[in-house]
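Peer 1: Fold the stuff below for me.
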Amino acid sequence: MTRASLDKQPHEVAAMFDDVAANYDLTNDVLSLGQARLWRKEVARAVDARPGDRVLDLAAGTGTSSLPYAAAGAYVVPCDFSLGMLREGKRRHPRLPLTAGDATRLPFADGVFDAVTISFGLRNVQNTEGALREMLRVTRPGGRLVVCEFSHPAWAPFRTVYSEYLMRALPPIATAVSSSPDAYVYLAESIRAWPDQPQLAARLRAAGWTRPAWRNLTGGIVALHRATRP
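Peer 2: Modelled structure (predicted):
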């Protein structure tokens, strides 16, 4: 059983996601009490892919998050650094051009994408600022970035209840439904350690993105961040 440490060594994080690939989407639906599907819909709405758009979907895992962009007529590239996730995605969605890649060293030319999106993956990258600069590099001028990530509930009492759920309720639920429950203990810890909404917006700006903004989903459990390449 693999559990990544919070210093986020790439090989440890990749191995952790390899372990949970087969049941990852189902486990997320259960642990999020069905909210994960709603969050994916909001991300797709924010990306607003049009026919002919080129969309890079980072941390795409099995490719589930990429399907709405393909259905909209965009050319979508699902990219992930977990080979286990990509193998599972290729089994499920053989027509998607699933691509192995590290968010801090993307295997794409400058300015080739109209939109770049990453959902629940930026938190697991060792060098957040480096990844945001790489996303900027591969996005065309005027192109857009959409980051969906776990965040911090805005209402203090709810924030306390949520923190208790992460550390007390999530591990036993994960044990019941996941092939690698220990990995979800890391995920809970990484959520608690992640910057809040204004702090992540500041990181986007520091990486060169303009007009960073966010919208809270499910009371701030998740935040949907948007920005534009100048």
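Peer 1: ok, and for stretch 197-205, which residues are buried?
Peer 2: When burial is assessed from 16 or more other Cβ atoms under 10 Å, stretch 197-205 yields the following buried residues: 197, 200, 201, 203, 204. C-beta coordinates here come from the backbone N, C-alpha and C atoms, glycine included.
Peer 1: List just the nearest of the residues you listed to residue 128.
Peer 2: residue 203 (6.3 Å; Cβ to Cβ).
Peer 1: so what's residue 38 up against?
Peer 2: By Cβ atoms under 8 Å, 6 or more residues apart in numbering, the contact set of residue 38 is 217, 218.
Peer 1: repeat for residue 210
Peer 2: With contact set as Cβ under 8 Å, 6+ apart, residue 210 has these partners: 227, 228, 229, 230.
Peer 1: can we see that at 10 Å?
Peer 2: Counting by Cβ atoms under 10 Å, 6 or more residues apart in numbering, residue 210 touches 204, 227, 228, 229, 230.
Peer 1: Just want the phi and psi numbers for it.
Peer 2: phi -110, psi 160 (degrees, to the nearest 10).
Peer 1: The one 4 residues further on now?
Peer 2: For residue 214, the backbone dihedrals are phi -140, psi 160 (criterion: degrees, to the nearest 10).
Peer 1: Bridging across strands, which residues link to it?
Peer 2: residue 225 (DSSP bridges).
Peer 1: residues contacting it?
Peer 2: Neighbouring residues of residue 214 by Cβ under 10 Å, 6+ apart: 147-149, 151, 196-198, 200-201, 204, 220, 223-227.
Peer 1: Which pLDDT does the model give it?
Peer 2: You'll see residue 214 listed with a pLDDT of 98.
Peer 1: now do residue 16
Peer 2: pLDDT, residue 16: 56.
Peer 1: Now do the buried residues in the biggest strand by length in the chain.
Peer 2: Across the chain, the strand with the greatest residue count (assigned by DSSP state E) is strand 139-150. By 16+ other Cβ under 10 Å, the buried positions in strand 139-150 come out as 139, 143, 144, 145, 146, 147, 148, 149, 150.
Peer 1: mind listing what the third one touches?
Peer 2: If you count contacts by Cβ under 10 Å, 6+ apart, residue 144 has them with 46-48, 53, 55, 113-117, 209, 211, 226-229.
Peer 1: what's across from it in the sheet?
Peer 2: Beta-bridge partners recorded for residue 144 (DSSP bridges): residue 115, residue 228.
Peer 1: The residue lying farthest from the centre of the chain sits in which helix or strand?
Peer 2: What lies farthest from the middle of the chain is residue 157; by Cα atoms, centre = their mean that is 26.3 Å. Using DSSP states H and E, residue 157 maps to helix 156-164.
Peer 1: measure residue 222 to residue 120 for me?
Peer 2: 8 Å (Cβ to Cβ, to the nearest Å).
Peer 1: quick one, which of these two is more surrounded?
Peer 2: Taking neighbours as other Cβ atoms under 10 Å, residue 222 and residue 120 compare with residue 222 leading, 24 against 21.
Peer 1: Next, the more buried one: phi, psi?
Peer 2: Per degrees, to the nearest 10, the backbone of residue 222 is at phi -130, psi 140.
Peer 1: got the contact list for it?
Peer 2: If you count contacts by Cβ under 10 Å, 6+ apart, residue 222 has them with 32, 35-36, 38-39, 42-43, 119-120, 148-151, 153, 191, 215-216.
Peer 1: Can you select the buried ones from these in PyMOL?
Peer 2: The PyMOL selection below is limited to those of those classed as buried (16+ other Cβ under 10 Å):
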select buried, resi 32+36+39+42+43+119+120+148+149+150+151+153+191
